[in-house]
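**Student:** I would like the atomic coordinates for the input below:
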Amino acid sequence: MPSRPSKKLETFANPAPGRDYWIRHECPEYTAVCPVTGQPDFGTIVVCYVPERRCVELKSLKLYLWSFRDEGHFFEQVTNQILDDLVKALAPRRMAVIGRFNVRGGIATRVVARYEKPAGRRRR
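**Tutor:** Below you'll find the predicted structure:
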C-alpha cells in the first residue's frame with residue numbers, strides 16, 4: 001500500500017456480519033486549506049459505524065484523510081463528502097462522521113453527518 005495521499009478506501013470482510021456492533025475511528029490529524037483565506041485548517045475526524053459486509057482498512061482511511069491536506073474545503077462540505085465516500089465504499093448499516101475542527105476566527109466548529117440504511121435493505 002502506498003505511503004502517499006490516496007482517495008481509494010480499501011475494505012475487508014466484516015468478521016461478524018450477523019451482529020450489530022459499532023466501530024469507532026478517531027483521526028486527530030485532519031488538515032486542509034480554508035477555501036476563502038488559504039490558511040491551514042486542522043481538526044479531528046471521528047467515524048462511527050455499524051458494518052454490514054465490509055469494514056474500512058485503517059491505513060487506507062489515514063491516506064484518504066491525508067488526501068485533503070492541500071485542498072480547499074468548508075467544514076460542512078468535507079464532513080458530508082467523507083460520509084458519502086465511506087458509505088459508497090462500505091454500505092454500512094449505520095454511520096456517523098463527526099468533524100471536530102480547531103478554532104478559526106474565535107469559533108470552534110463541530111459538524112455531524114449521519115447515514116442509516118433503510119431497514120428493508122439490510123442483510124444478515
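**Student:** So what's the gap between the helix ranked longest in the chain and the chain middle?
**Tutor:** Assignment by DSSP state H gives helix 75-90 as the longest helix of the chain. Relative to the centre of its chain, helix 75-90 is centred 6 Å away, using CA atoms, centre = their mean, to the nearest Å.
**Student:** Same question for stretch 108-124.
**Tutor:** That offset, for stretch 108-124, works out to 12 Å (CA atoms, centre = their mean).
**Student:** Let me know the average pLDDT across that stretch.
**Tutor:** The average pLDDT within stretch 108-124 is 86.
**Student:** Point me to the helix or strand that includes Val101.
**Tutor:** That one is not Val; residue 101 is Phe. strand 94-104 (DSSP states H and E).
**Student:** Show me what that strand is in contact with.
**Tutor:** Under the criterion CB atoms under 8 Å, 6 or more residues apart in numbering, residues 30, 34, 39, 41-50, 75, 78-80, 82-83, 86-87, 108-117 lie in contact with strand 94-104. Yep, even glycine has a C-beta here, placed from its N, CA and C like the rest.
**Student:** for stretch 67-86, same thing?
**Tutor:** With CB under 8 Å, 6+ apart, stretch 67-86 has contacts from 5-7, 9, 30-35, 38, 41, 43, 45, 47, 49, 56, 64-65, 92, 95-99, 101, 109, 111-115.
**Student:** Pick out the residue nearest the middle of this structure.
**Tutor:** Centroid-nearest residue in the chain, with CA atoms, centre = their mean: Ile82, separated by 4.3 Å.
**Student:** What's the separation between that one and Phe75?
**Tutor:** To Phe75, Ile82 is 11 Å away according to CB to CB, to the nearest Å.
**Student:** Could you list the low-pLDDT ranges of this protein?
**Tutor:** Applying pLDDT under 70 to the chain picks out residues 1-2, 121-124.
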